[in-house]
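A.B. asks: Below is the sequence, then the predicted model.
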Amino acid sequence: MKWFRLAALQGYAPAQYNLGLMYDKGQGVPQDYAEAVKWFRLAAQKGIASEQNNLGTMYANGQGVPQDVVKAHLWFNLASASGNGNAANNRDIAAGTMTSIQLAKHKKWREIVWLINSKGATERSEQTFSYDFRR
């Protein structure tokens, strides 16, 4: 845990991802969704598609953040643009649950999505999560 945290604090995305998973699952640390979101977000902002998908899942589930299907769709869309198939599926499911107001709100975010994605998101074969919006 100590080495993961040190590497994560220095900006090493794989360590940030692993810390996020540890807090999300409560493995080696008390389960803490807010802390998981913190680490997933840091790695997701570096353009790591699996972490973008995980962050979208946290928004979709309302774990560690208020539930927000628009933000979930945003992160799924970013990960999908990098070729993450699981995120593409999650994005499509999220889109099917969005109201017309949420869709309009999402359109405002498209420029941000384009700017973030244009920085060169990288696909990784790390563990990713899936959310069933139909529950």
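C.D. replies: Received it, and whenever you're ready, just let me know what you need. Residues are numbered from 1 along each chain as shown.
A.B. asks: ok, and the closest non-adjacent residue to Ala13?
C.D. replies: Ala43 (4.4 Å; C-beta to C-beta, 6 or more residues apart in numbering). Backbone N, C-alpha and C define where each C-beta goes, glycine included.
A.B. asks: Check which helix or strand the residue positioned nearest the centre of the chain maps to.
C.D. replies: Among the residues of the chain, the one closest to the centroid is Leu55, at 2.0 Å (C-alpha atoms, centre = their mean). Per DSSP states H and E, Leu55 falls inside helix 49-61.
A.B. asks: Following the chain past that helix, name the next helix or strand.
C.D. replies: Per DSSP H and E, the first helix or strand lying C-terminal to helix 49-61 is helix 69-81.
A.B. asks: Buried residues in the next helix or strand after that next one, which are they?
C.D. replies: Where DSSP H and E defines the elements, the next helix or strand beyond helix 69-81 is helix 85-97. When neighbours are counted by 16 or more other C-beta atoms under 10 Å, the buried residues of helix 85-97 are found to be 86-88, 90-91, 93-95.
A.B. asks: Please apply the same query to stretch 28-48.
C.D. replies: Within stretch 28-48, the residues that count as buried by 16+ other C-beta under 10 Å are 29, 33, 35-48.
A.B. asks: Give the residue spans of this structure that score low on pLDDT.
C.D. replies: Low-confidence segments of the chain (pLDDT under 70): 106-135.
A.B. asks: returning to what we had before: any idea how far the residue nearest to the centre of the chain lies from Ser100?
C.D. replies: 25 Å (C-beta to C-beta, to the nearest Å).
A.B. asks: can you check Gly56 too?
C.D. replies: 21 Å.
A.B. asks: Neighbour count for these two, which is higher?
C.D. replies: Gly56 (33 against 7; other C-beta atoms under 10 Å).
A.B. asks: Pretty sure that one sits against Trp75.
C.D. replies: Yes - the pair Gly56 / Trp75 is scored as a contact, 3.4 Å apart, by C-beta atoms under 8 Å.
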